[in-house]
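1. pasting the structure only:
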């Protein structure tokens, strides 16, 4: 398949306020394998969990559209964000891992929010741990123990697997006397890389005005996630040129009225 890297680089950026900011983004890969169904309710009592779950990770998630008997098909493919590969339930690594079920128990999300997550028109992210579960005579398949879910109900979903990096964005308490003010922290999830930027632009995502307002609120609460790139502003402020994050998609944590 052909993949397009929206923003993947290793380098140093001289910020407008004179501090050298290092950018390190690792592009993820593609494909995977496995099999199983979409339970969405934590599975059933006849299914036995096996072994210890893997580390908690953030995943791009997509429905499995293959047509075959469950639990061999019908679940989800998961790709660890900002990683070269994904650790699967059987201990192997692939560009994507198949899981038969989503076990929502750790998340405490209501059934309506679970449905809202997996039905998000612009795509969804899941935080959780991949574990193994025996499905009677059908075999052993991966299951994701979902800790939290993030949705985009606007714009176009990313094609997963994807090279698009995922970031967490939060407004800090830094006070500035002149613009631009570098008071937004941009964390590249799954890495130790952090960059301070001065602005956020979600106008290209395709979200409505009220939805963009939700993104602004999530930025203030420190719960916004997005894919995109940082560009130097075309017009300088009194303190020099700012650096603005231009989102190509953004995600909000469920439930939408959850506290920071």
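-> Looks like it arrived, so ask away. Predicted model only: the values in this text are computed from it and were never measured.

2. any low-confidence regions in the stretch 51-200 of the chain?
-> 51-52 (pLDDT under 70).

3. again, only using 80
-> 51-54, 69-70, 161 (pLDDT under 80).

4. Do you have the strands of it handy? List them.
-> Remark: strands assigned in the stretch 51-200 of the chain by DSSP state E, counting those that start in this stretch are 57-63, 76-80, 86-87, 93-94, 96-99, 101-103, 124-134, 140-151, 167-171, 184-188, 194-197, 199-201.

5. between those, which one is nearest to residue 247?
-> With respect to residue 247, and counting by CB to CB, the nearest of the strands of the stretch 51-200 of the chain is strand 199-201 at 6.8 Å. Quick note: C-beta positions are derived from backbone N, CA and C, even for glycine.

6. Which strands or helices does that closest one pack on?
-> Strand 199-201 sits against helix 209-221, strand 243-253, with contacts defined as 3 or more CB pairs under 8 Å, 6 or more residues apart in numbering; DSSP states H and E.

7. Swap in 7 Å and give it another go.
-> Contacts defined by 3 or more CB pairs under 7 Å, 6 or more residues apart in numbering; DSSP states H and E place strand 199-201 against strand 243-253.

8. My understanding was that residue 109 contacts residue 254; is that so?
-> Yes. Applying CB atoms under 7 Å as the test, residue 109 and residue 254 come out as touching, 6.0 Å apart.

9. List the residues that are in contact with both of the two.
-> residue 149 (CB atoms under 7 Å, 6 or more residues apart in numbering).

10. quick one on the thing from earlier: got CSV for the strands of the stretch 51-200 of the chain, with distance to residue 113 and mean neighbour count too?
-> As requested, the strands of the stretch 51-200 of the chain are arranged in CSV below (distance: least, CB to CB, whole Å; neighbours: other CB atoms under 10 Å):
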stretch, distance to residue 113, mean neighbour count
strand 57-63, 15, 22
strand 76-80, 17, 26
strand 86-87, 25, 20
strand 93-94, 29, 18
strand 96-99, 19, 26
strand 101-103, 12, 26
strand 124-134, 11, 21
strand 140-151, 7, 23
strand 167-171, 20, 20
strand 184-188, 25, 19
strand 194-197, 30, 18
strand 199-201, 25, 18
